[in-house]
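K.L.:
Give me a model of this one.
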Amino acid sequence: MLLGDLLRRNQRLFPNKTSFIFEGKRFTWTETNHRVNRLSNALIGLGVKRGDHVAVLSKNCNEFVETYFGCARSASICTAMNYRLTPHELHYVLENSEAKVVVASDEFLDTIEEVRPKLKMAEHYIAIGQTPKGMLNYDDLIGQASTEKPELEQHEDDVVLQMYTSGTTGLPKGAMLTHRNLITNATGCSFGMQIQPSDCILMVAPLYHMAAGMCTLSVILQGGPILLHRDFNPVAILDDMERGEVTSALLIPAMINFLLQMPGVEKRDFSHLRAIIYGASPMPVEVLRKAIEVFKCDFVQGYGQTESSAVLCVLRSEDHVVGGTPEQTKRLGSAGREVFGTEVRVVDENGNDVKPGQIGEVIGRGHNVMKGYWKMPEATADTLRGGWLHTGDLATVDEAGYVYMLDRIKDMIISGGENIYSREVEEALYMHPAVADAAVIGVPSEQWGETVKAFVVLREGQKATEQEIMDFTRQYLAGYKRPRSVEFIDSLPRNLSGKVLKKVLREPYWKGHQKAVH
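P.N.:
Predicted structure coming up:
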């Protein structure tokens, strides 16, 4: 099956059912399929050929999804770009991907115009919304094209999507994902995340991120409608979650934490909400407990990375038990078990499976694992060595196959020869009633090599001192794990997937020291 077949199937089975809702506009599966056909024919008319890259720079909107599928239909490769990139970073991605066409929403046209003179490969620019001279208007372009599906030879192992990693350990790498990769993972996620045909899912996580892309595909697989939000507006999101039409939502942990701090959230009626799907960054257990209490719905977690088409493990709704046995409640801190269609192991440095409770690296394999990194054969060989995707994540696994994440290998702190895993320290900090957000890093120490430094964001109206926070962790952490300093800040630096940018936190402390800052 090819990616474009999903839309054709939905038009055949649910022709008049709502497919997407965006800022007051509603589309049916018939309309969406026709718009995608128009775009794919328009791209072919512009000279886009099999394997060419088409870049898209936009916040969430129906045109983003149409571009995603329009590339699939035209046998080209959609390159989804992070709209928070600087012009310098954007130029690198566009040049590295050799994008022939650039599709951009009007709010980013100034950035496009800045890098345009330096781009060697781009031949056409398509603007969503207001269109300056020298660019093609999106609606005008597709309005002139045929609604018939273009007949092109395609294969399941053709690359259809190229997602760039965050580049925290060097230049961003373009993960090449095929039709087979995406449909395999969408099938597993649709089952593992218990998505239902009757669901209407609220999508505010950015579509350029693989978690949002995979969740979108999983819902499309079931024929359910998707309510797109352009930006994270907490009040608008809570309002939609209260309305009867929305039954599910994909939210990253930082978003959930923010929503829980909104005034009056406990008094809202979320009785129509069936489930919240979360992932893309670690979820503090205390935040999860509070969310289950407030939203009173099922919760499902997905763990993985871009290279796995998003998901390797799923923590299903029945594993989110607050008042059960110690074994059950412990699973609130788990990333779950391997998703259908994927094999996951936790291994030592020699590639041997660790025993339950021992620490190792998470590796996975299956038809969801990427084809490789674009134009990076050495990085591909290293990441996919032995036929397994090496995630760089440290974890333990129990007898039942539940994986418990500890840290990124590069984020582990070594103090006096002892390994310290940041998540354990951060979980202890979240137990303090005044703490809204927290992150820890290792900072240089002549005596110990590294010591733990905590960055803390306090809840609105709350107060705490550095000594109070350090003393509080005594009841949860061994002495060598406890923070030796605490810095109070207004907010933590995060990317749009909610991951704390620890490189930004570390840099000032490691200048002049030999340890690399990743």
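
K.L.:
buried sites along stretch 483-495?
P.N.:
483, 486, 492, 494-495 (16 or more other Cβ atoms under 10 Å). Any C-beta I mention is one placed from the backbone N, CA and C, and that applies to glycine too.

K.L.:
now the strands: where do they sit in the stretch 51-200 of the chain?
P.N.:
Assigned by DSSP state E, counting those that start in this stretch, the stretch 51-200 of the chain shows strands spanning 53-57, 77-80, 99-105, 124-128, 136-137, 159-164, 174-178.

K.L.:
Check which helices and strands the fifth one is in contact with.
P.N.:
So that's strand 136-137. Here strand 136-137 touches strand 124-128, going by 3 or more Cβ pairs under 8 Å, 6 or more residues apart in numbering; DSSP states H and E.

K.L.:
what separates stretch 130-145 from the chain centre, distance-wise?
P.N.:
On the basis of Cα atoms, centre = their mean, to the nearest Å, stretch 130-145 sits 30 Å off its chain's mean C-alpha point.

K.L.:
Give the buried residues for that stretch.
P.N.:
By neighbour count on 16+ other Cβ under 10 Å, the buried set for stretch 130-145 is 131, 135, 138, 141-142, 145.

K.L.:
Got phi/psi on the residue of the chain most remote from its centre?
P.N.:
For the chain, the residue at maximal distance from the C-alpha centroid (Cα atoms, centre = their mean) is Gln447, at 38.6 Å. Gln447 adopts backbone torsions of phi -80, psi -40, taken as degrees, to the nearest 10.

K.L.:
related to what we said a few turns ago, closest one to Thr28 out of the buried residues of stretch 130-145, please.
P.N.:
Ile142 (16.3 Å; Cβ to Cβ).

K.L.:
ok, now which ones touch that closest one?
P.N.:
Contacts for Ile142 (Cβ atoms under 8 Å, 6 or more residues apart in numbering) come out as 35, 38-39, 42, 66.

K.L.:
For it, which non-adjacent residue is closest in space?
P.N.:
Arg38 (3.9 Å; Cβ to Cβ, 6 or more residues apart in numbering).

K.L.:
So the one you found lies in a helix, does it not?
P.N.:
Yes - judged by DSSP: H, G, I helix; E, B strand; the rest coil, Arg38 forms part of a helix.

K.L.:
isn't it right up against Ala145?
P.N.:
Yes - counting by Cβ atoms under 8 Å, Arg38 does reach Ala145; the two are 4.1 Å apart.

K.L.:
tell me which element the residue most central in space within the chain falls in.
P.N.:
The geometric centre of the chain, computed from its C-alpha atoms, lies nearest to Ala211 (Cα atoms, centre = their mean), at 3.6 Å. If you go by DSSP states H and E, Ala211 is part of helix 210-222.

K.L.:
one step back: could the strands of the stretch 51-200 of the chain go into JSON lines alongside mean pLDDT?
P.N.:
Formatted as JSON lines, the strands of the stretch 51-200 of the chain follow (pLDDT from 0 to 100):
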{"stretch": "strand 53-57", "mean pLDDT": "99"}
{"stretch": "strand 77-80", "mean pLDDT": "98"}
{"stretch": "strand 99-105", "mean pLDDT": "98"}
{"stretch": "strand 124-128", "mean pLDDT": "98"}
{"stretch": "strand 136-137", "mean pLDDT": "98"}
{"stretch": "strand 159-164", "mean pLDDT": "97"}
{"stretch": "strand 174-178", "mean pLDDT": "98"}
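
K.L.:
could I get those as TSV with distance to Val344?
P.N.:
Shown next, in TSV, are those (distance: least, Cβ to Cβ, whole Å):
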stretch	distance to Val344
strand 53-57	31
strand 77-80	25
strand 99-105	34
strand 124-128	38
strand 136-137	44
strand 159-164	20
strand 174-178	18
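
K.L.:
what's the span of stretch 325-334, first residue to last?
P.N.:
Start-to-end span of stretch 325-334 (Cα to Cα, to the nearest Å) is 15 Å.

K.L.:
Give the buried residues for that stretch.
P.N.:
Buried residues in stretch 325-334, counted by 16+ other Cβ under 10 Å: 331-334.

K.L.:
got it, and stretch 116-132?
P.N.:
116, 119, 122, 124-128, 131.

K.L.:
now what about it, what contacts it?
P.N.:
The contact list for stretch 116-132, computed with Cβ under 8 Å, 6+ apart, reads 46-47, 55, 58, 61, 63, 91, 94-95, 98-107, 109, 112-113, 134-138, 140-141.

K.L.:
Ok, stretch 5-13 next?
P.N.:
With contact meaning Cβ under 8 Å, 6+ apart, stretch 5-13 is reached by 17, 19, 29-30, 32-33, 36, 69, 149, 183, 217, 220-221, 223.

K.L.:
rewinding a little: just tell me which of the strands of the stretch 51-200 of the chain ends up closest to Asn352.
P.N.:
With Cβ to Cβ as the measure, strand 174-178 is the member of those nearest Asn352 (27.1 Å).

K.L.:
So which elements touch the closest one?
P.N.:
When contacts are defined as 3+ Cβ pairs under 8 Å, 6+ apart, strand 174-178 packs onto helix 87-97, strand 159-164, strand 372-373.

K.L.:
Check those for me and report the most buried one.
P.N.:
For those, ranked by mean neighbour count under the definition mean count of other Cβ atoms under 10 Å, the leader is strand 159-164 at a mean of 25.

K.L.:
Pull up the pairing partners for it, direction included.
P.N.:
The pairing partners recorded for strand 159-164 under DSSP bridges are strand 77-80 (parallel), strand 174-178 (antiparallel).
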